[in-house]
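Chemist: Everything below, folded, please.
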Amino acid sequence: MEMQVEKREQWRKKREYILAAAGNVVGLGNVWRFPYLCYKNGGGVFLLPYLLFAVLCGLPLFLMETVIGQYTQEGAVTCWTKLCPLAKGTGYSLIVVQLYSRFYSIVLAWAFVYLIYCFRDPLPWTTCNNPWNTDRCVDLTSTNGTAIHSSNLTGNWTSGNLTKSSVSEFWERGVLSMSGGIEEIGTVRWELLLSLLACWVACYFCIWKGVRSTGKAVYVTAVFPYVTLVILLVRGLTLPGAWQGVVYYLYPDFSRLADFQVWMEACAQVFFSYGVAAGSIITLGSYNKVKNNCYRDSLWLCALNSCTSFVAGFAVFSALGFMSHKQGIPINLVVESGPGLAFIAFPQAVAMMPLPQLWATCFFIMLILLGLDTVFTGLETIISSVIDMFPGQMRKPWRREIFLILFCSVCFISQIPLTTQGGVYLFQLIDYYGANGACILFVSLIECVAVGWAFGAEQMCDAVEAMTGQRPWVLFKLCWRYITPLITMVFFICSFLDYQPLTSSGDDVYPDWAYYLGWAMAFSSVVPVPIWAVYKICFTDGTLKQRLSVLWHPVRDPVESETNNELLNETEMKPVPAPFPDML
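Modeler: Residues are numbered from 1 along each chain as shown. As a prediction, this is how the structure comes out:
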């Protein structure tokens, strides 16, 4: 007897979707990237280009992807068949981007190792009495007045000797045991390997039953980071020197607005922090009930994301200001972005506070949960896309669970090289080229063209009105058709003109083969779009004009008859218009 095909799931409660979406968009970039960019690019002035791009790009794209998922009730790949069949390659590009993003699991493994060490007294990164320390190490508790740049990865010349802080040595030698470069892969770090395994096991059980398990997991993974952020914020603002850090964070430098690089970084931060062009927003929205008010949800979620980034800056820079005050060094010597802030500067700051184990534990639990949300929603994007592509085979009992455990196993095995002594260099390569800003801009551009021009911005507004009873502001229609695609196209071109080859610590260049591999990864997330378009044009019947007409427009009503009935049931809404009923 043939197994019954299960119906596509939906969120059981509205708050589960809100928490999952909030956890997806509020991630590590809110903590370790936005505050640094604010300080680097003019302080409070940076908020002007950031808010501009949030309104003209982030919010329209977030709403568009949410509507796509909820309206079509499909995942990140199959939804394009109902909107613009010619653009289905966009879905495959989203999957490639998500595959590269799975490598961010190693960041969770790093944080997990730090969390384990948080229960030692004293904290191991505060002293030089550990097996990994060298004779160049300078103890954080040293009172000789030596100023050490906490984010220094190559050491400082102090009193004629090359010295390095104990926190830097813990990161480089204790956790990573860094080799000399990507060509020296070295041995596997077993602590990292086991931590990585724990992260993948956690991801598996967060989504193994679909939205049923995801909806329960987000009560912890989405809520607890906000609790710890508030605790760290209150504690940070009460430290001596905290307000000096806040001033450095927000001090306005209006001359920076004349620098085009500031605008590029503001645009990139919006795209990264809003999580657009990654497929996760489409996937989470596809599990909504069709009459959910996705318009209101999108506005609130985008506001929450930006506000979290802004507030996180106060928590981070108040701690850095305290560290600057405590050591008597300028704050610009303790400011760092990315892993340097999360794993060097901030651990050094909490080590100087009373009860350092408590604050370090709070910080790294927050870091783990922020990253875990983003990782397992991205994993759900891949899994749900495959299930939607093969519903007859995959929507049967235990098929999802078996496929998920196989996929997680493959991901874990493929990431073992990241746990080696040269793994951090490989991670930098994947981070720089695999899911970079140029790829995200390109995919966003194609999405806007497919929705704003092929499916139709006006019809997208009709869909929002049919589902929510509210018609979007006219600004959204203008953004989908003109403003957002223009901005993405300009910055996509500028990203190539402004390209700088990746360098490792100490400005060492990577070998040529690494750059070739990097460019191959970059193009692999772009080429599915033209390859799919050419393939469909070649294998569709009719003249070229007929083929383009059929492929440019959806071949049927984007919503199923059951969904259409739900939209019309006991309401006075106008019917959802069938797209292009007179097309060839």
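
Chemist: Now do the same for the closest residue in space to Ala315 that isn't next to it in sequence: helix, strand or coil?
Modeler: Among residues not flanking Ala315 along the chain, Leu233 sits closest, at 4.2 Å (CB to CB, 6 or more residues apart in numbering). C-beta: built from backbone N, CA, C; applies to glycine. In three-state terms, and counting by DSSP: H, G, I helix; E, B strand; the rest coil, Leu233 is helix.

Chemist: Let me see the contact set for Leu233.
Modeler: Val311, Phe314, Ala315, Ser318 (CB atoms under 8 Å, 6 or more residues apart in numbering).

Chemist: what about the helix or strand hosting Asp462, distance to the chain center?
Modeler: Here Asp462, judged by DSSP states H and E, is contained in helix 457-468. On the basis of CA atoms, centre = their mean, to the nearest Å, helix 457-468 sits 28 Å off its chain's mean C-alpha point.

Chemist: now swap in stretch 51-59 and tell me
Modeler: With CA atoms, centre = their mean, you get 17 Å for stretch 51-59.

Chemist: Give the buried residues for that stretch.
Modeler: Phe53, Ala54, Leu56, Cys57, Gly58, Leu59 (16 or more other CB atoms under 10 Å).

Chemist: Just read off the phi/psi values of the closest residue to Ala22 other than its chain neighbours.
Modeler: Excluding its sequence neighbours, the residue lying closest to Ala22 (CB to CB, 6+ apart) is Ala222, at 5.4 Å. The phi/psi pair for Ala222 (degrees, to the nearest 10) reads phi -100, psi -30.

Chemist: try Lys289
Modeler: Torsion angles, degrees, to the nearest 10, at Lys289: phi -70, psi 150.

Chemist: give the contact list for it.
Modeler: Taking CB under 8 Å, 6+ apart, one finds Gln10, Trp11 in contact with Lys289.

Chemist: and it, how far is that from Val77?
Modeler: Here the criterion is CB to CB, to the nearest Å. By it, Lys289 lies 22 Å from Val77.

Chemist: Equivalent analysis for Val451, please.
Modeler: Separation of Val451 from Val77 (CB to CB): 15 Å.

Chemist: And for Asn292?
Modeler: Distance from Asn292 to Val77, by CB to CB: 22 Å.

Chemist: More neighbours: which of these two?
Modeler: Neighbour count, other CB atoms under 10 Å: between Asn292 and Val77, Val77 has more, with 24 against 19.

Chemist: which one is that one nearest to, not counting chain neighbours?
Modeler: In space, and not counting its chain neighbours, Val77 is closest to Gly91: 3.3 Å by CB to CB, 6+ apart.

Chemist: for the one you found, phi and psi?
Modeler: phi -60, psi -40.

Chemist: ok, how many other residues are close to it?
Modeler: Neighbour tally, Gly91, other CB under 10 Å: 25.

Chemist: same deal with Leu47?
Modeler: So Leu47, with other CB under 10 Å, has 19 neighbours.

Chemist: gap between it and Pro35?
Modeler: For Leu47, the distance to Pro35 - CB to CB - is 12 Å.

Chemist: same thing with Glu65?
Modeler: 26 Å.
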